[in-house]
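Peer 1: Fold the stuff below for me.
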Amino acid sequence: MMSSALDRLKNLTNKISSYERARKDNLIILQNLYNELGIHQKVEDFGELFNFKAINLSGASLQSESLGEIKKGKYLQILAIGYDREAVVKSKNVSLGYFGKAENVDVTLKNKIVEFIIRFRFEKSFMTLEHYHVMLESFQSSE
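Peer 2: Below is the predicted model of the structure:
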């Protein structure tokens, strides 16, 4: 009985440690892609990238079953969605990178663009998880 509880604890610890390693590795690769794709020219500070609500892609699919598939006749562009509570129009799209007609973009470059967005979303999901975890703490009773 004790050994199975200990095994579950070890598995959980390994999983958490694995996520932390994956997150650290992801951030390093994400920052490299941020520089390589020229996004640093639009958003000077890497950390400010996470002020955007989301980052989307036009011209290629981000769906898991068709990841990176080109949309013919469309333009490949990285679009960030900003949010300003004080503004009349609350959300604002910002182009972080324009790469021309999707079917004319080099496959390696297109794959790096798709990878950048997926890696951004991976880190953003951790940040969202932390945000909600902190919010939930306010509901815990002070026993």
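
Peer 1: Wait, residue 59 touches residue 78, no?
Peer 2: No: contact criterion CB atoms under 8 Å: residue 59 and residue 78 do not qualify, at 9.6 Å. In short, each C-beta sits where N, CA and C put it, glycine included.

Peer 1: What about residue 59, how many residues nearby?
Peer 2: Neighbour count of residue 59, defined by other CB atoms under 10 Å: 22.

Peer 1: gap between it and residue 26?
Peer 2: 24 Å (CB to CB, to the nearest Å).

Peer 1: Now do the strands in this structure.
Peer 2: All strands of the chain, identified by DSSP state E, fall at 54-58, 75-83, 91-101.

Peer 1: Identify whichever of those lies nearest to residue 119.
Peer 2: strand 54-58 (10.0 Å; CB to CB).

Peer 1: For the residue nearest to residue 56 when sequence neighbours are not counted, list each beta-bridge partner.
Peer 2: Leaving aside its chain neighbours, residue 56 sits nearest to residue 79 (4.9 Å; criterion: CB to CB, 6 or more residues apart in numbering). Per DSSP bridges, the residues bridged to residue 79 are residue 56, residue 95.

Peer 1: so where is the protein shaky, pLDDT-wise?
Peer 2: 1-2, 87-89, 141-143 (pLDDT under 70).
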